[in-house]
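Student: I'll drop the sequence and a predicted model, then ask my questions.
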Amino acid sequence: MSKDLRQQVIGWGAALLVSVLGACSGSASTVGPGGGAGTTQTGGSCGAASACSGGVCATSGDFPAGYCTQGCTLGDPSTCQAGSVCIDDASGAPADAGIKALCYQSCATDADCTRAGYKCLEKASHKVCRNGA
């Protein structure tokens, strides 16, 4: 087995182990190492970080049915996926992940927020899709 392939296999094993342990730990959220392997984009629903392309499944009263996101750097739009914005709020993210800010799905109107119960609301001077309850 080549060194590159061996490193990939080790990385996949580590990602799987973190996902399984996080899902079984009773924690409200889980984070995949270095980003997620999932396909769900920022703002989509999730039950585990492994479903999210950004590697974070935020869950709290603010995020019914989970909220795929990723940690980001304020003032650096490249740290969020296209169609999302970095907000200085890490509620719902795992406390032990060291995340200070999260990407939120951007919107202009409620119609841009396709999830049930989510509305286009202002947060930190940006319009983002959030739970509207």
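Tutor: Ah, there it is.

Student: okay, CA-based contacts and neighbour counts for the rest of this
Tutor: OK.

Student: strands paired with the helix or strand containing residue 119, and their directions?
Tutor: Element membership for residue 119, per DSSP states H and E: strand 118-123. Sheet neighbours of strand 118-123, with direction, are listed as strand 126-131 (antiparallel) (DSSP bridges).

Student: So for the strand it pairs with, mean pLDDT?
Tutor: Taken as a whole, strand 126-131 has a mean pLDDT of 94.

Student: how close does the closest residue in space to residue 123 that isn't next to it in sequence get to residue 46?
Tutor: The shortest distance from residue 123 to any residue that is not its chain neighbour, by CA to CA, 6 or more residues apart in numbering, is 7.6 Å, and that residue is residue 87. Here residue 87 is placed at a distance of 20 Å from residue 46 (CA to CA, to the nearest Å).

Student: Compare these two and say which is more crowded by neighbours.
Tutor: With other CA atoms under 10 Å as the criterion, residue 87 and residue 46 differ in neighbour count, and residue 46 comes out ahead with 24 against 21.

Student: thought the more buried one was touching residue 63?
Tutor: No: distance between residue 46 and residue 63: 9.7 Å, which falls outside the contact criterion (CA atoms under 8 Å).

Student: is the spatially most central residue of the chain in a bridge, and if so with what?
Tutor: Nearest to the geometric centre of the chain sits residue 69, at 2.0 Å (CA atoms, centre = their mean). Judged by DSSP bridges, the bridge partners of residue 69 are residue 56.

Student: still on that earlier bit, so which bits of the strand holding residue 119 are buried?
Tutor: Within strand 118-123, the residues that qualify as buried by neighbour count (16 or more other CA atoms under 10 Å) are 118, 119, 120, 121.

Student: Need the residues you listed in a markdown table (columns: pLDDT and distance to residue 104).
Tutor: What follows is the buried residues of strand 118-123, written out as a markdown table (pLDDT from 0 to 100; distance: CA to CA, whole Å):
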| residue | pLDDT | distance to residue 104 |
| --- | --- | --- |
| 118 | 93 | 12 |
| 119 | 94 | 12 |
| 120 | 96 | 11 |
| 121 | 95 | 11 |
